[in-house]
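1. Give me a 3D structure for the following:
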Amino acid sequence: MTFILGIDPGSRLTGYGIIRTDGRQHTYVASGCIKLTLTASMTERLQQIFMSLQEIVKTYSPHEAAIEQVFMHQNAGAALKLGQARGAAIVALADAAIPVAEYSARQVKQSVVGYGAAKKEQVQHMVRVLLNLSGVPQVDAADGLAIALCHANSRQNVGKITAQQLLVRGRFRRGRLR
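-> Take a look at the predicted model:
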């Protein structure tokens, strides 16, 4: 069983979700939000993200992590703050020697909902359905879980994609490479 931590970074709220997967079935473990003190300086908020993720890692011992990539905002200041929040999260994971994968918001939505431009409500609904949750998780926590699910699905499909590409290129015959 592999435990995967998904992180949706933010400068106000950082959502996280942890799932357990055996490669075929994904099970909910935990989720939530790191609520940052808005009156604190940006440096203090980054420290809050770092320390909170260290505590989450210590509690759940994930084997792998995935984080959402920065998308370009119209507001450059907001994009910079988001990048800083991602950096604090990535350093917390690197400090624990946890490998980190990155996915775009479009990739996450495509993986979980089947449509890369899905709305937040659709992501929340599909996370609830896929993980058989009794209620709809908070938006940022649902995003963290969706990122973890995207990573689990990507891990599962890597071998299939590679074999399919080899088959298309004519380099795979009768169960072996040529």
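2. mind listing the helices for this structure?
-> Ranges of helices in the chain, per DSSP state H, are 42-60, 76-95, 105-112, 120-130, 139-168.
3. Could you list the buried residues of the first one?
-> Residues Arg45, Leu46, Gln48, Ile49, Phe50, Ser52, Leu53, Ile56, Val57 are the ones in helix 42-60 that count as buried (16 or more other Cβ atoms under 10 Å). C-beta: built from backbone N, CA, C; applies to glycine.
4. Next: the fourth one.
-> Going by neighbour count (16+ other Cβ under 10 Å), the buried part of helix 120-130 is Val123, Gln124, His125, Met126, Val127, Arg128, Leu130.
5. Using CSV, list the CA coordinates for that helix.
-> Provided in CSV are the C-alpha atoms of helix 120-130 (Å, rounded to 0.1, in the frame of the first residue of the first chain):
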residue,chain,number,x,y,z
LYS,A,120,-14.7,23.3,-8.4
GLU,A,121,-18.1,21.8,-7.5
GLN,A,122,-17.6,19.0,-10.1
VAL,A,123,-14.2,18.2,-8.6
GLN,A,124,-15.7,18.1,-5.1
HIS,A,125,-18.5,15.8,-6.3
MET,A,126,-16.2,13.4,-8.0
VAL,A,127,-13.7,13.3,-5.1
ARG,A,128,-16.7,12.4,-2.9
VAL,A,129,-17.8,9.6,-5.3
LEU,A,130,-14.4,8.2,-6.1
